[in-house]
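# okay, here's the prediction I keep looking at, along with the sequence it came from:
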Amino acid sequence: MKHGTRREAQHGHGRVQGHTGGAWDSGDRPPRWRRWLGVAVPLVTVCGLAAGVVIHLDPFDDTGDTVHLDEPRTTAQGKAGDASGDPLTLMPTGPAPELKVSGTIPEDGSKVMVTTLAGKKSHFTGKVWLWLPPQYHDPKYAHSGFPVMIALPGGPGFNENYWSGSNLKLEADISKWSKEGASLPFILAMPVLNPGSDKDGLYWDGSDIPGQPKMGTWLTEDVPDLVRATFRTIKSRDGWAFMGSSSGGFAGLKAVLQKPDQFRAVIAGGPDIVPDSRLWNGHPQEKAENSPPELAQKLIDRGGPEVDLAFQVGTKGSDVQNRPPIEKFIKDYGKGPVKTMFHVDEGGGHDAYTYAPGMYDGGLIQWVSKLMRGPVPSP
């Protein structure tokens, strides 16, 4: 996690996933390295099966098993999705990556898959976890694309992504909410956020910082290309969104504003509003090109396309300091094509345990789902 005071040694944290000590709620916030150590937690990751998977699983432990996908691919004319009657369906483009089972979601038995992606555009190699909603296997959607949500963690975001574990229940919640009609049945893509971490809490702002690994390209180009290669997706930007907490919330917010032709929406929990990595030193122009206020103003000036930005904050810990910059951003830039929604998680802190249920309790996932595109049943 980081937050937008831009004071390198003063970034605080309310309550972190897996943190067993006291909450860091004092006004004199701990240094970034201490926050990062608090986020480094054991994860119970889990892994899922796509339609057409051919695999023999140990009923008690299938972790590490290979997942073999067998789906129709997009033809040279790009017409493989026509059977759904939906011209925006994109069948998997291939080649299929090597996928391994990581575990099981207890609530519904669904799986999360993990692969190592060598990004062709960023030239960064890292892990990506993938999860499919139950509706993906429903025969009536066998020829339909599904919306994708790229879920980004806070903290170091390396070499794990805490959304891929069953303890935060993101997969179980999307499964439940989508069955109830509150959410679209999102495919979840959960990549690592940073290329590494150190005791000083070095981070990359989800951006292509000069001289550094191109994490912006990794998140907005390579990861979506992986999902398109592997699963049935939607060609339109209305089928693509981000969600994230803290530094992951900033990265998702910035990505949507920077590439509105590719992404429609973001749900950001306790995000920074401005880039503040020390790696930007000496690169003021590039830093400005990755700043949400400047990106929002440019989008307003050119009149679109419309983006939907959902924010949430807790009322404890560092979210007390996070809230005013977020509210100011909404006041200054929530106009024209920049549509915003804001939810305060009463009693919650700056942590994923607050933001995960807050997406539903605050109506954020419902709002975003109504604006985006879902799967289309076969005629």
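The structure has been received and is ready for your questions.
# phi and psi next, for Gly94.
Backbone dihedrals for Gly94, given as degrees, to the nearest 10, come out at phi 70, psi 170.
# wait, doesn't it sit right on Phe231?
No. Counting by CB atoms under 8 Å, Gly94 sits too far from Phe231 to count as a contact (10.9 Å). (C-beta placed from N, C-alpha, C; glycine too.)
# those two: which has the busier surroundings?
When Gly94 and Phe231 are compared for neighbours, Phe231 comes out ahead with 24 against 13, by other CB atoms under 10 Å.
# how about the more buried one, what does it touch?
By CB atoms under 8 Å, 6 or more residues apart in numbering, the contact list for Phe231 reads 50, 71, 92, 130, 132, 136, 146, 187.
# got the phi/psi numbers for the closest residue to the fourth one other than its chain neighbours?
On the basis of CB to CB, 6 or more residues apart in numbering, the spatially nearest residue to Leu130 that is not a chain neighbour turns out to be Met113, at 4.6 Å. When read as degrees, to the nearest 10, the backbone of Met113 gives phi -100, psi 150.
# now do Met113 against Leu99, distance only.
To Leu99, Met113 is 4 Å away according to CB to CB, to the nearest Å.
# now do His343
For His343, the distance to Leu99 - CB to CB - is 35 Å.
# more neighbours: which of the two?
Taking neighbours as other CB under 10 Å, His343 and Leu99 compare with Leu99 leading, 26 against 19.
# who touches the more buried one in this structure?
Here Leu99 is in contact with 47, 66-67, 69, 113-115, 130, 230 (CB under 8 Å, 6+ apart).
# please settle this for me: is Pro325 part of a helix?
Yes. Assessed with DSSP: H, G, I helix; E, B strand; the rest coil, Pro325 lies in a helix.
# the nearest residue to it once chain neighbours are set aside sits in which helix or strand?
Once flanking residues are discounted, Pro325 sits nearest to Ile273: 4.6 Å by CB to CB, 6+ apart. When elements are assigned from DSSP states H and E, Ile273 belongs to no helix and no strand.
# could you measure from Ile273 over to Pro87?
As for Ile273, its distance to Pro87 is 38 Å (criterion: CB to CB).
# the two: who's more crowded?
Ile273 (26 against 13).
# ranges for the strands of this protein?
Under the criterion DSSP state E, the chain contains strands at 66-67, 89-90, 99-104, 111-118, 125-131, 148-152, 187-191, 233-234, 240-245, 265-269, 307-314, 338-345.
# mean pLDDT added to those strands, as TSV?
Compiled in TSV, these are given as follows (pLDDT from 0 to 100):
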stretch	mean pLDDT
strand 66-67	86
strand 89-90	96
strand 99-104	90
strand 111-118	96
strand 125-131	97
strand 148-152	98
strand 187-191	98
strand 233-234	98
strand 240-245	98
strand 265-269	98
strand 307-314	98
strand 338-345	98
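# reformat the ones you listed as JSON lines; add distance to Gln285.
Formatted as JSON lines, the strands of the chain follow (distance: least, CB to CB, whole Å):
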{"stretch": "strand 66-67", "distance to Gln285": "44"}
{"stretch": "strand 89-90", "distance to Gln285": "35"}
{"stretch": "strand 99-104", "distance to Gln285": "40"}
{"stretch": "strand 111-118", "distance to Gln285": "30"}
{"stretch": "strand 125-131", "distance to Gln285": "27"}
{"stretch": "strand 148-152", "distance to Gln285": "25"}
{"stretch": "strand 187-191", "distance to Gln285": "27"}
{"stretch": "strand 233-234", "distance to Gln285": "34"}
{"stretch": "strand 240-245", "distance to Gln285": "24"}
{"stretch": "strand 265-269", "distance to Gln285": "24"}
{"stretch": "strand 307-314", "distance to Gln285": "23"}
{"stretch": "strand 338-345", "distance to Gln285": "23"}
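# stretch 342-349: how far from the chain's middle?
20 Å (CA atoms, centre = their mean, to the nearest Å).
# got the CA coordinates for it in PDB?
Extracted in PDB, the C-alpha atoms of stretch 342-349 (Å, rounded to 0.1, in the frame of the first residue of the first chain):
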ATOM      1  CA  PHE A 342     -17.800   7.100  -4.000                       C
ATOM      2  CA  HIS A 343     -18.400   4.900  -1.000                       C
ATOM      3  CA  VAL A 344     -17.200   5.300   2.600                       C
ATOM      4  CA  ASP A 345     -16.700   2.000   4.500                       C
ATOM      5  CA  GLU A 346     -17.800   3.000   8.000                       C
ATOM      6  CA  GLY A 347     -15.500   1.400  10.500                       C
ATOM      7  CA  GLY A 348     -13.200   0.000   7.900                       C
ATOM      8  CA  GLY A 349      -9.500   0.500   7.400                       C
END
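# great, nothing more from me.
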